[in-house]
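*Asks:* Please find the sequence and the predicted model below.
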Amino acid sequence: MWFVDAGGDTEVAPEGTRHDSAAFGAGEQLTAYFAGALQDFELPLRPQGTPFQLKVWQALQLLPYGTTSSYGELAASLGCPGAARAVGGA
């Protein structure tokens, strides 16, 4: 359930409908990604978090398609080898 701005009045949109082109675009890209047809996303992002969280999220974006990394590996790549749990929490 989400809210739709209807000329100043707020109403609940019927289930299954969405008036948000960004969400629609994200859905299309996710479908293509999981079908193996897309490797790089083109989504407008404005993440909000602590400076540490932002560093973690930026590091995640640098991981090449199809690779994995542990929390410990990410923490070490950020110069914080003892911060695996903090990376996991980010």
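*Replies:* Now that the structure is in, tell me what you want to look at. These figures come from a predicted structure and were not determined experimentally. Numbering: from 1, shown residues only.

*Asks:* and the nearest residue to P81 once chain neighbours are set aside, what does it touch?
*Replies:* Excluding its sequence neighbours, the residue lying closest to P81 (CB to CB, 6 or more residues apart in numbering) is A75, at 5.9 Å. For glycine as for every other residue, the C-beta is placed from the backbone atoms N, C-alpha and C. A75 makes contact with 81-84, 86-87, according to CB atoms under 8 Å, 6 or more residues apart in numbering.

*Asks:* Identify the residue spatially nearest to A90, adjacent ones excluded.
*Replies:* Per CB to CB, 6+ apart, closest to A90 is V56, 3.9 Å.

*Asks:* That neighbour: which element?
*Replies:* V56 is part of helix 51-61, with elements assigned from DSSP states H and E.

*Asks:* Ok, A86 next?
*Replies:* helix 84-89.

*Asks:* who touches that helix?
*Replies:* If you take CB under 8 Å, 6+ apart as the criterion, helix 84-89 is touched by 52, 56, 70-72, 74-75, 78, 80.

*Asks:* list the contacts for the residue nearest to A90?
*Replies:* With contacts defined as CB under 8 Å, 6+ apart, V56 is in contact with 74, 78, 87, 90.

*Asks:* Separate out the buried members of the contacts of A75.
*Replies:* 83-84, 86-87 (16 or more other CB atoms under 10 Å).

*Asks:* ok, which pair from these is furthest apart?
*Replies:* A84 and A86 (7.3 Å; CB to CB).

*Asks:* next structured bit after the helix holding V56?
*Replies:* helix 71-77.

*Asks:* Kindly format the C-alpha coordinates of that following helix as CSV.
*Replies:* Below are the C-alpha coordinates for helix 71-77, written out as CSV (Å, rounded to 0.1, in the frame of the first residue of the first chain):
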residue,chain,number,x,y,z
TYR,A,71,31.7,-8.6,5.0
GLY,A,72,35.3,-9.0,6.2
GLU,A,73,36.7,-8.5,2.7
LEU,A,74,34.6,-5.4,2.2
ALA,A,75,35.7,-4.1,5.6
ALA,A,76,39.4,-4.7,4.7
SER,A,77,38.9,-2.9,1.4
